[in-house]
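**Q** I'd like to go over a predicted model; first the sequence, then the structure.
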Amino acid sequence: MNQIDESKYRDIGKPWDAARIQNFILIGISILFLVALGVKLFLNISRVDFVVNPPSLFPDGESEATVKAVPYNAVGLQIPFKSVQVFYEIETGSDKVEIIRRDKNSITLRAKQTTGDVILRARLTGDPIPYEIVVPILPQFALNY
């Protein structure tokens with residue numbers, strides 16, 4: 001019978017070793033691509049919403065409202081542990097409220113004794129177009145149904 005001398009094939013290696021190395025390289029590249037895609041989808045800011053809590057004020061001199069910027073990712077989820085820096089400016093109604101506190105991404109307003117709308121202009125750092133936020137000051141009255 002004809003036997004193959006395996007000593008001359010020892011330096012080359014077996015053919016499945018090359019395929020295994022190629023598979024490891026392709027799996028590694030795929031994992032890096034998926035990690036980069038996950039960072040892009042879940043950790044980058046896609047949009048910013050402004051939340052006013054409570055949504056309106058009362059003209060009693062004690063009513064306070066906080067306007068806060070909340071960042072969202074491309075999937076539509078709020079990004080954890082991330083905040084945006086916002087500069088707030090009162091466009092109209094500065095005589096109707098006083099600023100209690102300014103933070104990196106929020107502002108707290110206290111209503112004075114007059115009713116009307118307060119319009120805030122919010123500008124994100126690096127964003128050329130400002131946002132307008134309306135905080136109404138409504139009169140207090142009771143509704144009987």
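**A** Received, thanks. Residues are numbered from 1 along each chain as shown.

**Q** Now do the domain split for this protein, please.
**A** Split into domains by automatic domain parsing, the chain comes to 11-42, 47-137.

**Q** okay if I get those as TSV plus mean pLDDT and mean neighbour count?
**A** For every residue, glycine as well, the C-beta is placed using N, CA and C. Shown next, in TSV, are the domains of the chain (pLDDT from 0 to 100; neighbours: other C-beta atoms under 10 Å):
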stretch	mean pLDDT	mean neighbour count
domain 11-42	85	10
domain 47-137	92	15
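
**Q** helix, strand or coil for the residue nearest the centre of the chain?
**A** Nearest residue to the geometric centre of the chain (C-alpha atoms, centre = their mean): Pro71, 2.0 Å. For Pro71, the secondary structure call by DSSP: H, G, I helix; E, B strand; the rest coil comes out as strand.

**Q** quick one: secondary structure of Phe87?
**A** Using three-state DSSP, the secondary structure recorded for Phe87 is strand.

**Q** pretty sure it contacts Ala122?
**A** Yes - Phe87 lies in contact with Ala122 (C-beta atoms under 8 Å); the separation is 7.3 Å.
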